[in-house]
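[1] Below is the structure, and that's it, no one-letter string:
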Ligand SMILES: Nc1nc2c(ncn2[C@@H]2O[C@H](COP(=O)(O)OP(=O)(O)OP(=O)(O)O)[C@@H](O)[C@H]2O)c(=O)[nH]1
Ligand SMILES: [Mg+2]
């Protein structure tokens, strides 16, 4: 069986697998609060596996990455490690742009959607991850990406570039419409495996990003926090590390646990292997759970 034929064979969507097998039961005291899927708690071992336990993986990748700051406990034994080849981007192709769900490619492969404010660096992250300078269109002008753009990686999974939210210059009605359109994608796209919520690490926490995180959690859409632009330090503003800590602290006022956090720079390729390894692990996890039925 091909690595990702789980969707076709078992007829279960990535979303269904993640939800049904991994959802936390609300604790009575916290019932009103948004909850993160429990498997996100165990994501910590993904980092451990990729950075500390798999020297072969690192060697093969050829990437120059920093040593992990801390080691996390290894996770469930039954979850296999992804093969090093799983983290490599051999091919990356633009598939098409959609302005409604029916125009998206058939939901037969797992996809990882990238969302965040306009100009946060969504398209740049796709280019950084795939190692292609201009696969996704980047721009200094906010609001450049206006469609749902699918990119197929190694012919086995999708990276999806979405329009940014909160573009103030857009008319109120069109912004609302746009939000609905993206929301529909999040709520109904059955092959959506994970949302990568991008947050600009070079500026202090923005209310709209916190709202987006809340909305995703309330809607039971699994998401990962990906901080961008950690290479950038604005004069008189706190450091990226301080911004990230403040954002996480604010989230913890509402969330019982933090989702997985990955810090990146598209310019320095920071976090590239970590994110690719994480995606590979998720694909392996979903595949295994689907096989178990
Ligand atoms: N310093 C720095 N600049 C970045 C980084 N990532 C993106 N940028 C810059 O931020 C600007 C916006 O990047 P895009 O990738 O186009 O952002 P986007 O989120 O796709 O924007 P929209 O499609 O308009 O919503 C560009 O000028 C990028 O060069 C980063 O990691 N570090
Ligand atoms: Mg873009």
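    Sure thing, it's come through. All of these numbers come straight from a predicted model, not from anything done at the bench. Ligands and ions are numbered 1, 2, ... in the order given.
[2] Tell me the helices and strands packed up against the host helix or strand of residue 274.
    In the assignment (DSSP states H and E), residue 274 maps to helix 272-292. Counting contacts by 3 or more CB pairs under 8 Å, 6 or more residues apart in numbering; DSSP states H and E, helix 272-292 is packed against helix 6-10, helix 14-22, helix 44-48, helix 55-61, helix 122-130, strand 192-200, strand 261-263. (C-beta placed from N, C-alpha, C; glycine too.)
[3] May I have the strands that pair with the helix or strand just after the fifth one, each with its orientation?
    Going back to what we said before, that points to helix 122-130. Going down the chain from helix 122-130, the next helix or strand is strand 148-153, by DSSP H and E. Strand 148-153 has the following sheet partners, assigned by DSSP bridges: strand 92-98 (antiparallel), strand 157-161 (antiparallel).
[4] Strand 148-153 vs ligand 1: in contact?
    No. Under the criterion of CB under 6 Å from any ligand atom, ligand 1 is not reached by strand 148-153; the shortest gap measures 9.5 Å.
[5] Ok, stretch 229-243 next?
    Yes. Stretch 229-243 reaches ligand 1 (CB under 6 Å from any ligand atom) through 229, 231, 232.
[6] Out of the residues you listed, who's the most crowded?
    Comparing those by number of neighbours (other CB atoms under 10 Å), residue 229 comes first, having 25 neighbours.
[7] So what does it look like in phi/psi?
    In terms of degrees, to the nearest 10, the main-chain angles of residue 229 are phi 60, psi 40.
[8] residue ranges with poor pLDDT in this protein?
    Applying pLDDT under 70 to the chain flags residues 1-85, 139-145, 167-180, 289-290, 292-293.
[9] quick one on the thing from earlier: buried residues in the helix holding residue 274?
    For helix 272-292, a neighbour-count test (16 or more other CB atoms under 10 Å) marks 272-287, 289-290 as buried.
[10] And stretch 248-255, by the same measure?
    Neighbour-count burial for stretch 248-255, counted by 16+ other CB under 10 Å, picks out 248, 251, 255.
[11] Between those residues, which sits nearest residue 161?
    residue 251 (24.2 Å; CB to CB).
[12] related to what we said a few turns ago, closest one to residue 86 among the strands paired with strand 148-153?
    Short answer: strand 157-161, nearest of those by CB to CB, at 9.7 Å.
[13] quick one: contacts of the closest one?
    4, 92, 95, 105, 109-114, 122-123, 126, 129-130, 136, 145, 148-153, 191, 279, 283 (CB atoms under 8 Å, 6 or more residues apart in numbering).
[14] and what of stretch 102-111?
    Taking CB under 8 Å, 6+ apart as the rule, stretch 102-111 contacts 4, 7-8, 13-14, 95-98, 148, 150, 152, 156-160, 185, 189-193, 282-283, 286.
[15] Regarding it, how distant is the last residue from the first?
    16 Å (CA to CA, to the nearest Å).
[16] okay, the residues of stretch 229-243 next to ligand 1 in a markdown table with distance to residue 243 next?
    Rendered in a markdown table, the data for those read as follows (distance: CB to CB, whole Å):
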| residue | distance to residue 243 |
| --- | --- |
| 229 | 10 |
| 231 | 13 |
| 232 | 10 |
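[17] okay, the strands paired with strand 148-153, which one's buried deepest?
    Burial of these is given as mean neighbour count (mean count of other CB atoms under 10 Å); strand 157-161 ranks first at a mean of 23.
[18] circling back: could the buried residues of stretch 248-255 go into JSON lines alongside distance to residue 181 and secondary structure?
    Converted to JSON lines, the buried residues of stretch 248-255 look like this (distance: CB to CB, whole Å; DSSP: H, G, I helix; E, B strand; the rest coil):
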{"residue": "248", "distance to residue 181": "29", "secondary structure": "helix"}
{"residue": "251", "distance to residue 181": "26", "secondary structure": "helix"}
{"residue": "255", "distance to residue 181": "26", "secondary structure": "coil"}
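[19] Cheers, nothing more for now.
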